[in-house]
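Engineer: okay, predicted coordinates and the sequence, questions at the end:
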Amino acid sequence: MKPLLAIDNLRTILRTGAQPVRAVDGLTLEIQRGETFALLGESGCGKSMTALSIMRLLPDGGDIVQGSIRLNGDELLTLPEAAMRAVRGGRIGMIFQEPMLSLNPVMTVGEQIEEVLARHFTIGHAAAQARILELLAQVGIPDPARRKTEYPFQFSGGMKQRVMIAMALAGQPELLIADEPTTALDVTIQAQVLDLMRDLQRQMDMAILLITHDLGVVAEMAHRIAVMYAGEAIETASREHFFKHPAHPYSQKLFAALPTRHKRNQGLSVISGNVPPLSEIFVGCRFADRCDRAWAKCRQVAPPWTAVAPGHRVRCHLYATGEAQQPAINAFPQ
Ligand code: SF4
Ligand code: MG
């Protein structure tokens, strides 16, 4: 089956400081129709730059220098800008961590949704008003008739994120990109917004690219996952397989850093060391400086992708054929 979104060997460069930075460096991944795909990683690993590359909304100094991004077979990177504007908010919707940055403070919520509708459909004022009520109800905003006449500052953080979701859904996208959609919300509201996204994803058979640094969010939401490190993907698997058998040493450390019932009072064990600067040209494995299992080859040769199970691939020399004895992939102790 043709994937909904196929990113192939994407490289995005940022020229803002003294050295150009390879924010995304050779990323390849596929998202299927109707699935929730999580891109997991620490901040600065290239997750948001991947999202902005897909939307072709890179900041000044950002440039896609290599690769391909196809939506249902259509190459997005060579689309004329006018056609790309129709893709944004139409075939692909996007929500961000900070809804306040994307909502216009001096327009009512209804006016903002109407603007999106007018951009993507030929729709009269009355039909638009009916559709706005429908969208607000769909995202669980009570009393839509009153709420649509209100301004963003009259909404709580969670309600603002619901408004953003309504705006993102207005164009009936095939793909919703959600970049840390709940990170700015408190825990109870987070859970409600995630529930809403899961329900909508099922109802609308829409794919979601969920960008997060939070394994808990992945556990709740994702069908499949890719772990990103220093601009590239290093492991990809179904959620079930990933949580049972995280294979890459970095993924295993992410699990080890989770607070557990027993460890809760001992504080978070953080992964020691830093992500290498992305201005570097890498020779071996990018994780080598932080990896307890690194050996000479890791610093000399970039590890290839290796399948450790059907649909579960990892980029680490430990698993490559003919290398060090294949380690047992232990389930993370519960
Ligand atoms: Fe560690 Fe080597 Fe695997 Fe990289 S390739 S994660 S350094 S064992
Ligand atoms: Mg980010």
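Structural biologist: Sure thing, it's come through. Numbering: from 1, shown residues only. Ligands and ions are numbered 1, 2, ... in the order given.
Engineer: quick check: residues of this protein near ligand 1?
Structural biologist: Where the chain comes near ligand 1, counting by Cβ under 6 Å from any ligand atom, the residues are 248-249, 285, 287-288, 291, 293-294, 298, 303, 316-318. Any C-beta I mention is one placed from the backbone N, CA and C, and that applies to glycine too.
Engineer: let's see that with 8 Å instead.
Structural biologist: Within reach of ligand 1 by Cβ under 8 Å from any ligand atom, the chain has these residues: 234, 248-250, 284-288, 291-295, 297-299, 303, 315-319.
Engineer: which among the residues you listed count as buried?
Structural biologist: Using 16 or more other Cβ atoms under 10 Å as the burial test, these include 234, 248-250, 284-288, 291, 294, 298, 303, 315-319 as buried.
Engineer: mind listing which of those are in helices?
Structural biologist: Among those, the members found in helices (DSSP state H) are 249, 250, 298.
Engineer: looking at those residues, which is nearest residue 163?
Structural biologist: Distance to residue 163 across those (Cβ to Cβ) is lowest for residue 250, with 36.1 Å.
Engineer: surely that closest one is in contact with residue 287?
Structural biologist: Yes. Between residue 250 and residue 287 there is a contact under Cβ atoms under 8 Å: 5.1 Å.
Engineer: shared neighbours of these two, anything?
Structural biologist: Common contacts of residue 250 and residue 287 (Cβ atoms under 8 Å, 6 or more residues apart in numbering): 229, 234.
Engineer: which residue of the chain lies farthest from its centroid?
Structural biologist: residue 126 (35.5 Å; Cα atoms, centre = their mean).
Engineer: what sits against it?
Structural biologist: Residue 126 sits in contact with no residue, where contact means Cβ under 8 Å, 6+ apart.
Engineer: now the end-to-end length of stretch 7-20.
Structural biologist: 22 Å (Cα to Cα, to the nearest Å).
Engineer: residues making contact with that stretch?
Structural biologist: For stretch 7-20, contacts defined as Cβ under 8 Å, 6+ apart pick out 21-30, 46, 49-50, 53-54, 58-70, 277, 279.
Engineer: again, 7 Å this time
Structural biologist: For stretch 7-20, the external contacting residues (Cβ atoms under 7 Å, 6 or more residues apart in numbering) are 21-29, 49, 53, 58, 61-69, 279.
Engineer: pLDDT on that stretch, on average?
Structural biologist: Mean per-residue pLDDT for stretch 7-20: 93.
Engineer: buried ones in that stretch, by neighbour count?
Structural biologist: Neighbour-count burial for stretch 7-20 [16+ other Cβ under 10 Å]: 7, 10, 11, 12, 13, 14.
Engineer: as TSV, these with secondary structure would be great.
Structural biologist: As requested, the buried residues of stretch 7-20 are exported to TSV (DSSP: H, G, I helix; E, B strand; the rest coil):
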residue	secondary structure
7	strand
10	strand
11	strand
12	strand
13	strand
14	strand
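Engineer: of the residues you listed, which is the nearest to residue 199?
Structural biologist: Closest to residue 199, out of all of those and judged by Cβ to Cβ, is residue 7, at 26.9 Å.
Engineer: what segments of the stretch 1-150 of the chain are strands?
Structural biologist: In the stretch 1-150 of the chain, the segments counted as strands under DSSP state E, counting those that start in this stretch are 5-14, 21-31, 36-40, 62-71, 74-75, 92-95.
Engineer: tally of neighbours for residue 125?
Structural biologist: 9 (other Cβ atoms under 10 Å).
Engineer: so for it, what's the nearest residue that isn't a sequence neighbour?
Structural biologist: residue 114 (7.9 Å; Cβ to Cβ, 6 or more residues apart in numbering).
Engineer: avg pLDDT for stretch 235-253?
Structural biologist: 96.
Engineer: and the contacts of stretch 7-20, which of them are buried?
Structural biologist: Of the contacts of stretch 7-20, these count as buried by 16+ other Cβ under 10 Å: 21-29, 49, 53, 58, 62, 64, 66-67, 69.
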